[in-house]
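[1] This is the structure alone, sequence omitted:
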């Protein structure tokens, strides 16, 4: 069911000019939740997400395999996006990332730096003066890092 659902949602979103970034289903019965994460060049605003949620709701209500109650959540990746698939890493090249690994890579389990490239199954992260090749499969958690750059107050240098 999940692949057929993914294909249908992806086709609908593609026709709407946005990309299916991730699809997550959780729970069952009355606690079933369907989270659809969407993305587009330049981001996706709240009004656009609301429109997409209404359209997806109509689309999903017609599916026999989704009979019964469910909660639909449509969202964007946000400023600090989780990196769970290769495509997420590829979109984040040039950005600062934080990757936590279960086993040490180059003696460390916490890796914070700029994602320079994705080569095969490895994220190439510039940490200090060197590049650390981190297997994406070794990541326990991985996300981009948002830095809030405060502007100088007027009259201060």
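    Received, thanks. The structure displayed is predicted, hence computed values, not measured ones. Residues are numbered from 1 along each chain as shown.
[2] List the buried residues of the longest strand belonging to the chain.
    Criterion DSSP state E: the longest strand present in the chain is strand 108-119. Going by neighbour count (16 or more other C-beta atoms under 10 Å), the buried part of strand 108-119 is 111, 113, 114, 115, 118. From N, CA and C alone the C-beta is placed, and that goes for glycine too.
[3] And stretch 78-85, by the same measure?
    Buried-residue list, stretch 78-85, by 16+ other C-beta under 10 Å: 81, 83, 84.
[4] Kindly report the same for stretch 119-136.
    Neighbour-count burial for stretch 119-136 flags 122, 123, 124, 125, 132, 134, 136 (criterion: 16+ other C-beta under 10 Å).
[5] Tell me the helices and strands packed up against the helix or strand hosting residue 21.
    Taking DSSP states H and E as the definition, one finds residue 21 inside strand 19-26. Judged by 3 or more C-beta pairs under 8 Å, 6 or more residues apart in numbering; DSSP states H and E, strand 19-26 is in contact with helix 2-15, strand 33-39.
[6] I am finished for the moment; much appreciated.
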